[in-house]
Every structure is written in C-alpha cells, then in structure tokens.
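Asker: Mind folding the following:
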Amino acid sequence: MDEPDRWRHMSSAPRDGSRILVTVRPSEQGPAEVDLAYWSRADQFGSEGWRASDSSPGRVVEYAEPELKCWMPLPTANLSKGSLPSPWDEDDVPLLDGSGI
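Answerer: Model prediction:
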C-alpha cells in the first residue's frame, strides 16, 4: 500500500476483517485517541460494524461510524518509531453533537 503512515478517510477503510488503526473522535468520555479496529459482519455477539480489536465474545466494543474520524494501515515494524501515531487533530469533518448518549 502506498504511503502507509498517512491518515485516510473512513469511507476507504477495508471492510474485510483486517486490523487497522483508527482515530476515535474526542467526546464527553475523553480526548481523541488511536485504537486498533476491524470491520465485523453481524454475528451472535453484535451487529455489523467497526469493533475494537480487543473485543471478545460477550464483551464486544463497537464503534458507530460517526465516532471514527479516519484510518491508516498498521505500520510495519520499525523499532526507531516505537509508538502509535498521534490522532488526527484537524477539523475536516463535523464533530459528534453528543445526541447519541
């Protein structure tokens, strides 16, 4: 994939179950953060949608589309970097209004 260290619009994110990095929008629960997520088809544990990679049966962490700002492929191993990228902090799309709570 070209430019692997670049944030991309969620509409282009793979929906094949592969793990990706996502920027979770800031909310009343906290600031923006980066999480490891994947697209999941509906199953006995939850509906179709984005799930955190640390989800497990009975403890599914799902993200609604508006909660995710952008994505990037998992970086290749590079010991000189040593950490996750910073969350995308530009205001290119509208923020959540809190009405989903």
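Asker: remind me which residues of the chain are low pLDDT?
Answerer: 1-4, 77-84, 92-101 (pLDDT under 70).
Asker: Tell me which stretches of it form helices.
Answerer: Assigned helices in the chain: none (criterion: DSSP state H).
Asker: can you map out the strands along it?
Answerer: 8-9, 20-24, 33-40, 49-52, 62-63, 68-73 (DSSP state E).
Asker: how about the ones you listed in TSV, adding mean neighbour count and distance to Ser86?
Answerer: In this view, the C-beta of every residue, glycine as well, is placed from N, C-alpha and C. As requested, the strands of the chain are exported to TSV (neighbours: other CB atoms under 10 Å; distance: least, CB to CB, whole Å):
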stretch	mean neighbour count	distance to Ser86
strand 8-9	13	15
strand 20-24	22	9
strand 33-40	17	8
strand 49-52	19	19
strand 62-63	16	19
strand 68-73	20	11
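Asker: Is it possible to get CSV of those that adds distance to Pro85?
Answerer: Below are the strands of the chain laid out as CSV (distance: least, CB to CB, whole Å):
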stretch, distance to Pro85
strand 8-9, 12
strand 20-24, 7
strand 33-40, 6
strand 49-52, 17
strand 62-63, 18
strand 68-73, 7
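Asker: wait, which of the ones you listed is closest to Pro87?
Answerer: Pro87 lies closest to strand 20-24 among the strands of the chain, at 4.4 Å (CB to CB).
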